[in-house]
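Student: Structure for this input, please:
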Amino acid sequence: MRAWTLAAAVALAATAVSAEPLKLSIDAQHSTIAFRVRHLFTKVNGQFRTFEGTIDFDQSSLAASKVTVTIRAETIDTNVEARDKDLRSPRFFDVAKYPTLTFTSTGITDVAGGQGRIKGTLTMHGVSRDVVLDAEFLGAGKDPWGNQRYGFHAETTVNRKDFGMAWNEVIEAGGVLVGDDVEIALDIEAVPAK
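Tutor: Okay, here's the model as predicted:
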């Protein structure tokens, strides 16, 4: 991960007006929740188009910050409609039965500069598991229209079988069609909650 820049530190200090956590809302129009998973020999990229969340951002102590995110499972998008329809089916996400994915943080550790590890509970396909995200605060500042914005990045890898999504197909050359490990990356822009 990139080091926390001096500019980010200055922006953070400039916005620190009290010890109270800032309530931020994720700006979904300027954020991405993406994933990658192996298919045969390469990796397929996808994302979820609809999500919302809040960040209780404690500027005086990043370790005291909190994050919650809710994702609409049916908005999965891998740029191939037939594949997306399959991913929405009972073989994978079963969106009719499990319409949302959620993440709720339970703590932030190993904070150094603007980086840390966010521990929390990920619920997907009706199964809840503890996960850890490597996260980074990218900075804060005003956009050209005077709106205060905050940037974050986080990554983790989960095993889809841990969440009850075990379907696969053995291929002729050996191995399986779909990988078990799913790489998840979040690029989040947030604004003060109204």
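Student: I'd guessed Phe35 sits against Lys43; true?
Tutor: No - counting by CB atoms under 8 Å, Phe35 does not reach Lys43; the two are 9.7 Å apart. All C-beta atoms are positioned from the backbone trio N, CA, C, and that covers glycine.
Student: Quick check: neighbours shared by the two?
Tutor: Glu183 (CB atoms under 8 Å, 6 or more residues apart in numbering).
Student: the more surrounded of those two?
Tutor: Ranked by neighbour count (other CB atoms under 10 Å), Phe35 and Lys43 place Phe35 first, with 20 against 12.
Student: May I have the beta-bridge partners of that one?
Tutor: Gly46, Ile184 (DSSP bridges).
Student: ok, so what distance separates it from Gly146?
Tutor: Remark: distance between Phe35 and Gly146 (CB to CB, to the nearest Å) = 34 Å.
Student: Relative to the whole chain's centre, how far out is the helix or strand harbouring Ser105?
Tutor: Here Ser105, judged by DSSP states H and E, is contained in strand 100-112. Computed by CA atoms, centre = their mean, to the nearest Å, the separation of strand 100-112 from the middle of its chain amounts to 10 Å.
Student: For it, list every residue counted as buried.
Tutor: In terms of neighbour count (16 or more other CB atoms under 10 Å), strand 100-112 has its buried residues at 101-103, 105, 108, 111.
Student: Between the residues you listed, which sits nearest Lys85?
Tutor: Nearest to Lys85 among the buried residues of strand 100-112 is Leu101, at 18.0 Å by CB to CB.
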